[in-house]
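> this one's structure only:
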Ligand code: SAH
């Protein structure tokens, strides 16, 4: 049995009970870069841990190799946990991995996790929807391909929709410029959340006009999540999380 398990955004206490139980009983864990040491330490001392990568340009394993490893381990009748940061079905390639298992008629289950968007939003006091600010919210990837971000910019003109952008640090300048170019007010509030829910959690606040210059010299470290829209202003009132004193 292979369990595709969401490990949440960082804070180990955001694991689901099912995720915790499966991690504690796994024979083998295959984990991604964003899965913290603290979470890996929850595994059995005799469990085998396999690092699957991947930082932007350093792929510890190719996606094909990961898929094949899951198949091989499942055939050995081991309890296999494939651990992914956040939720496995949100920008996590979890779909591709279980497709391979499904094609080979191997047994699997999927355990959802708290995705970076909801984890970072909650720990930053930024509600993603709010009756007076945003009636909808959209999750996008700002991943650069050949220096370009491939998004339907024209769909992003609605000021009552919160925009959440994963993988947006390298493309931050381009994202903000494009939004202004399609007519969004340069004053639109924006927050870049650095290492959300972890002891290094930091919220960088600005507007789509000045956020890039605000974070430029801050030595911001990945992972970061970008939230855009007037809900960001609620951080001033709803901010509750101070990483140093979190217990
Ligand atoms: N499956 C994951 C997302 C994987 S893509 C999920 O559901 O959260 C990786 C991106 O997620 C990062 O580039 C970053 O944008 C975001 N991310 C993951 N963990 C984060 C964290 N603790 N703080 C801020 N952003 C995070």
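Cool, got the structure. What you see is a predicted model, and the numbers here were worked out from it, not measured in a lab.
> show me what the helix-or-strand element of the chain with minimal mean pLDDT is in contact with.
Every helix and strand in the chain was compared by mean pLDDT, DSSP states H and E; the lowest is strand 144-145, with a mean of 88. Residues external to strand 144-145 that are found in contact with it (CB atoms under 8 Å, 6 or more residues apart in numbering): 170-171, 174. (Glycine included, C-beta is placed from N, CA and C.)
> next structured bit after that strand?
strand 148-149 (DSSP states H and E).
> how about the residues of the chain that lie near the ligand?
Counting by CB under 6 Å from any ligand atom, the residues of the chain close to the ligand are 9-10, 34, 84-87, 90-92, 115-116, 120, 166-167, 193, 195-198, 223-225.
> for stretch 206-220, buried residues please.
206-209, 211-212, 215, 220 (16 or more other CB atoms under 10 Å).
> still on that earlier bit, from the chain's centre, how far out does the least confident helix or strand of the chain sit?
The chain centroid and the centroid of strand 144-145 are separated by 17 Å under CA atoms, centre = their mean, to the nearest Å.
> and stretch 230-244, by the same measure?
For stretch 230-244, the distance to the chain centre is 19 Å (CA atoms, centre = their mean).
> now do stretch 119-126
13 Å.
> all further residue positions should be reported with the first residue as 632.
Sure, I'll start numbering at 632, so the last one becomes stretch 750-757.
> contacts for that stretch?
Here stretch 750-757 has contacts from 639-642, 645, 717, 758-759, 795, 822, 824, 827-828, 832, 834, 856, 858, 862-863, 865-866, 868-872, using CB under 8 Å, 6+ apart.
> now do stretch 804-818
773, 775, 779-780, 782, 784-785, 787-788, 790, 796, 799, 819, 821, 838-840, 842-843, 857, 859.
> select only the buried ones of those in ChimeraX?
Entered in ChimeraX, the line below selects the buried ones among those, by 16+ other CB under 10 Å:
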select :773,775,780,782,787,796,799,819,821,838,839,840,842,843,857,859
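> which of the residues in stretch 707-717 are buried?
709-717.
> roughly how far out does that stretch sit from the chain middle?
Going by CA atoms, centre = their mean, where stretch 707-717 is centred and where its chain is centred differ by 18 Å.
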